[in-house]
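1. dropping a prediction and its sequence here:
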Amino acid sequence: MKTNIEQIIQRRINDINLLGKAIIEEEIPELKLVWEYQINLNFEIIDALMRNDKNLANIYIEEIIRSTMKAEEYRTVK
């Protein structure tokens, strides 16, 4: 059975794979940059969790949420 941190890391890896596909399919160049940014944030989350720094990981997760909301707003305006 995987630990909680192992499960979170696996979800981050899955998110990275999905974001990679989103970059390929995305038609709006500015949103491709957001997805690339979120891939980097996911790597930072994994790094923070490997160092057992849950506070830093949570900050990165909040930034992913914030940037996703801004991307959705941008898409509706565009």
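-> Happy to help now that I have it. Residues are numbered from 1 along each chain as shown.

2. my guess is residue 56 contacts residue 48, does it?
-> Yes: between residue 56 and residue 48 there is a contact at 4.1 Å, judged by Cβ atoms under 8 Å. No exception for glycine: its C-beta is placed from N, CA and C like everyone else's.

3. please identify which of the two sits among more neighbours.
-> Under the neighbour definition other Cβ atoms under 10 Å, residue 56 and residue 48 were set side by side, and residue 48 has more, 18 against 15.

4. so the more buried one touches residue 57, yeah?
-> Yes: under the criterion of Cβ under 8 Å, residue 48 lies in contact with residue 57, with a separation of 4.1 Å.

5. how about low-confidence regions in the chain?
-> Residues of the chain that meet the criterion pLDDT under 70 are absent altogether.

6. where do the helices sit along it?
-> Counting by DSSP state H, the segments of the chain that form helices are 4-25, 29-50, 54-77.

7. tell me which of those sits most buried.
-> Sort these by mean neighbour count, taking mean count of other Cβ atoms under 10 Å, and helix 29-50 sits at the top with a mean of 17.
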